[in-house]
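**Student:** generate coordinates for the sequence data below:
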Amino acid sequence: MEFLLVLIVYPIFVILASVFGYFLFRKWFVFPSITLIVFLILTIFVYNTSFLIWAIIYTVMSLIFSLIIDYFQKKEPQY
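**Tutor:** Numbers count the residues shown, from 1 in each chain. Purely as a prediction, here's the structure:
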């Protein structure tokens, strides 16, 4: 069950939450910070220290998606 959470559910959640978080806060750095905090808390209380690499991977994934959305939001239309 944890295998499915780590490889399927958490990445989908991070992608959707990054998109929603960017439109909610309008800052590219807010939701990756929240993602890091949440997954560090999960590392400490739910999983062991081997989950730390996944916390970093999910944070980088959230950062990438936030920056992609920020790029397309600030890109001006060319007519």
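**Student:** list the buried residues in stretch 47-64.
**Tutor:** For stretch 47-64, a neighbour-count test (16 or more other C-beta atoms under 10 Å) marks 47, 51, 54, 55, 58, 59, 61, 62, 63 as buried. (C-beta placed from N, C-alpha, C; glycine too.)
**Student:** from residue 29, how far off is the last one?
**Tutor:** With distances defined as C-beta to C-beta, to the nearest Å, the gap from residue 63 to residue 29 amounts to 8 Å.
**Student:** one step back: tabulate the buried residues of stretch 47-64 in CSV, adding columns for secondary structure and distance to residue 36.
**Tutor:** Converted to CSV, the buried residues of stretch 47-64 look like this (DSSP: H, G, I helix; E, B strand; the rest coil; distance: C-beta to C-beta, whole Å):
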residue, secondary structure, distance to residue 36
47, coil, 15
51, helix, 13
54, helix, 12
55, helix, 7
58, helix, 8
59, helix, 4
61, helix, 11
62, helix, 8
63, helix, 9
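**Student:** take those residues and write them to CSV, including pLDDT and distance to residue 15.
**Tutor:** Shown next, in CSV, are these (pLDDT from 0 to 100; distance: C-beta to C-beta, whole Å):
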residue, pLDDT, distance to residue 15
47, 86, 20
51, 88, 19
54, 91, 15
55, 91, 16
58, 93, 10
59, 94, 13
61, 93, 7
62, 93, 8
63, 93, 12
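**Student:** buried sites along stretch 10-20?
**Tutor:** Here stretch 10-20 shows 10, 11, 14, 17, 18, 19 as buried, counting by 16+ other C-beta under 10 Å.
**Student:** who's in contact with that stretch?
**Tutor:** Residues outside stretch 10-20 that contact it (C-beta atoms under 8 Å, 6 or more residues apart in numbering): 31, 32, 35, 54, 58, 61, 62, 65, 66, 69.
**Student:** mean confidence for it?
**Tutor:** When pLDDT is averaged along stretch 10-20, the result is 91.
**Student:** could you check how far that stretch is from the centre of its chain?
**Tutor:** Relative to its parent chain, stretch 10-20 has a centroid offset of 6 Å by C-alpha atoms, centre = their mean, to the nearest Å.
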